[in-house]
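Asks: sequence and predicted structure are below.
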Amino acid sequence: MIIDYINRYKNEYGVEPIYRVLTGHGCPIALSTYYEARNRPASQRAVRDEKLKVEVSRVHAENYSVYGARKVWLEMRREGIDVARCTVERLMGVLGLEGARRGKKKRTTVADPRVSPMAWWTLDKVDTSRNVCR
């Protein structure tokens, strides 16, 4: 997170001034840590995730975007792509993909815009002599 912040603003302010401000505000980071993280190659998981994102998107789209994580995972296994179901779930979440949901949509009461929500609770509608509403 700090590395991303420094990368975002380093062209505008420079790395060392950002480092000094962060350290002054109680968020110390060694400059060597920043430069090491910047030059570090991507992890095996990150590289594999990029390849799998393409496959997950393809399988989801080929099935009319109705498949959820379980069915996408099963289809990928049928195609010979060895991947864990939890990985498919995680990547679908990152990509913002969802399967179709069964059942009817929830329907809620729609209020009449001409009537004030507080109109039902006003005292002028109550007949206090008989304790009934008019």
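Replies: Noted; the coordinates are in hand. Numbers count the residues shown, from 1 in each chain.

Asks: flag the shaky bits of this protein, pLDDT-wise.
Replies: 115-134 (pLDDT under 70).

Asks: for Ala42, pull up the helix or strand it's in.
Replies: Ala42 belongs to no helix or strand when assigned by DSSP states H and E.

Asks: ok, it - how many residues close by?
Replies: Around Ala42 there are 10 other residues, counting by other Cβ atoms under 10 Å. All C-beta atoms are positioned from the backbone trio N, CA, C, and that covers glycine.

Asks: quick one, phi psi at it?
Replies: The phi/psi pair for Ala42 (degrees, to the nearest 10) reads phi -60, psi 150.

Asks: can you tell me which helix in this protein is longest?
Replies: As assigned by DSSP state H, the longest helix anywhere in the chain is helix 44-62.

Asks: quick check: buried residues in that one?
Replies: Neighbour counts using 16 or more other Cβ atoms under 10 Å place 49, 52, 55-57, 59-60 of helix 44-62 among the buried residues.

Asks: the strands in the chain, which residues?
Replies: 126-127, 132-133 (DSSP state E).

Asks: now do the helices in the chain.
Replies: Using DSSP H, helices in the chain cover 2-13, 15-24, 31-39, 44-62, 69-78, 85-95.

Asks: can you put those in JSON lines and add distance to Lys105?
Replies: Putting the helices of the chain into JSON lines (distance: least, Cβ to Cβ, whole Å) gives the following:
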{"stretch": "helix 2-13", "distance to Lys105": "38"}
{"stretch": "helix 15-24", "distance to Lys105": "48"}
{"stretch": "helix 31-39", "distance to Lys105": "46"}
{"stretch": "helix 44-62", "distance to Lys105": "21"}
{"stretch": "helix 69-78", "distance to Lys105": "21"}
{"stretch": "helix 85-95", "distance to Lys105": "21"}
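
Asks: of all the ones you listed, which lies closest to Val110?
Replies: Set against Val110 and scored by Cβ to Cβ, the helices of the chain come closest in helix 85-95, at 31.9 Å.
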